[in-house]
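Peer 1: The following comprises the amino acid sequence and a computationally predicted model.
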Amino acid sequence: MATLTIGKEAPVFELVGVDGNKYNLNHTLTHSPILLIFFKVSCPTCQFTLPFVERLYRQIRERGGQIWGISQDNPEESRKFAQKFGISFPILVDEKPYPVSRQYGLKFVPTLFLIDKERGVRVTGDGFSKADLLEIHRVLGTEFALTLPPLFRPEEKIPEYKPG
């Protein structure tokens, strides 16, 4: 299966988070768009990317912004990853044979999908893409009528792209 592309309808799913709660995509989308980021704890590009996604989450969470990390590892490894990298958004677990990752047609991690309230894919990308993150930042700022602070700080040396 090919990776979902912009304009396609996102498959609904329910996964359990490392916090023990169930997360249902269909229910969440009735409230706001959501950013999904699929990752593996051992992936260096994931380790680089998720702290920036956390920064975005801290900018939008007060307005109901939703981000879910979807780990392809077990709950304990995923929980440790979240603690190590300061991730406060929900981390869900999609263990082997990765049913949700397969529904979304993943080929690489990290892969991001910004899903709108009608389940449409608005933005998608894999690896670390500065342009994709800036577009997601822009769309969510507009969606929540927020003037967000910059996602990247001037003193940070941020590459344009890092493959996953």
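Peer 2: Received it, and whenever you're ready, just let me know what you need.

Peer 1: how about Leu36, secondary structure?
Peer 2: For Leu36, the reduced secondary structure class is strand; criterion used: DSSP: H, G, I helix; E, B strand; the rest coil.

Peer 1: ok, which stretches of the chain are helices?
Peer 2: Per DSSP state H, the chain carries helices over the ranges 25-29, 44-60, 75-84, 99-103, 130-143.

Peer 1: Which one, of those helices, ends up nearest to Val109?
Peer 2: Relative to Val109, the nearest member of these by CB to CB is helix 44-60, separated by 5.7 Å. C-beta coordinates here come from the backbone N, C-alpha and C atoms, glycine included.

Peer 1: Can you name the residues in contact with the closest one?
Peer 2: Contacts with helix 44-60, where a contact means CB atoms under 8 Å, 6 or more residues apart in numbering, come from 35, 37, 39-40, 65, 67, 69, 85-89, 109-110, 112, 127-128, 133, 136-137, 140-141, 144, 146, 148-149, 151-152, 162-164.

Peer 1: and those, which are buried?
Peer 2: Burial of the contacts of helix 44-60 was assessed by neighbour count (16 or more other CB atoms under 10 Å); the buried members are 35, 37, 39-40, 65, 67, 69, 85, 87, 89, 109-110, 112, 127-128, 133, 136-137, 140-141, 144, 151, 164.

Peer 1: what about this protein, any weak spots by pLDDT?
Peer 2: 1-2 (pLDDT under 70).

Peer 1: residue closest to the middle of it?
Peer 2: To find the centre residue of the chain, average its C-alpha atoms and take the closest one (CA atoms, centre = their mean): that gives Ile37, at 2.5 Å.

Peer 1: quick one: that residue and Pro110 touch, right?
Peer 2: Yes - the criterion here is CB atoms under 8 Å, and Ile37 meets it with Pro110 at 5.6 Å.

Peer 1: Next, the buried residues of stretch 40-51.
Peer 2: Applying 16+ other CB under 10 Å to stretch 40-51 flags 40-41, 43, 45-50 as buried.

Peer 1: Can I get that stretch in CSV, CA atoms only?
Peer 2: Once non-C-alpha atoms are left out, stretch 40-51 reads as follows in CSV (Å, rounded to 0.1, in the frame of the first residue of the first chain):
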residue,chain,number,x,y,z
LYS,A,40,10.6,4.0,16.3
VAL,A,41,12.6,4.7,19.4
SER,A,42,15.9,3.6,17.9
CYS,A,43,15.6,5.9,14.8
PRO,A,44,18.0,8.9,15.0
THR,A,45,15.9,11.0,12.7
CYS,A,46,12.9,10.3,15.0
GLN,A,47,15.0,11.3,18.0
PHE,A,48,15.8,14.6,16.2
THR,A,49,12.3,15.3,15.0
LEU,A,50,10.0,14.6,18.0
PRO,A,51,11.4,17.4,20.3
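
Peer 1: No further questions, thank you.
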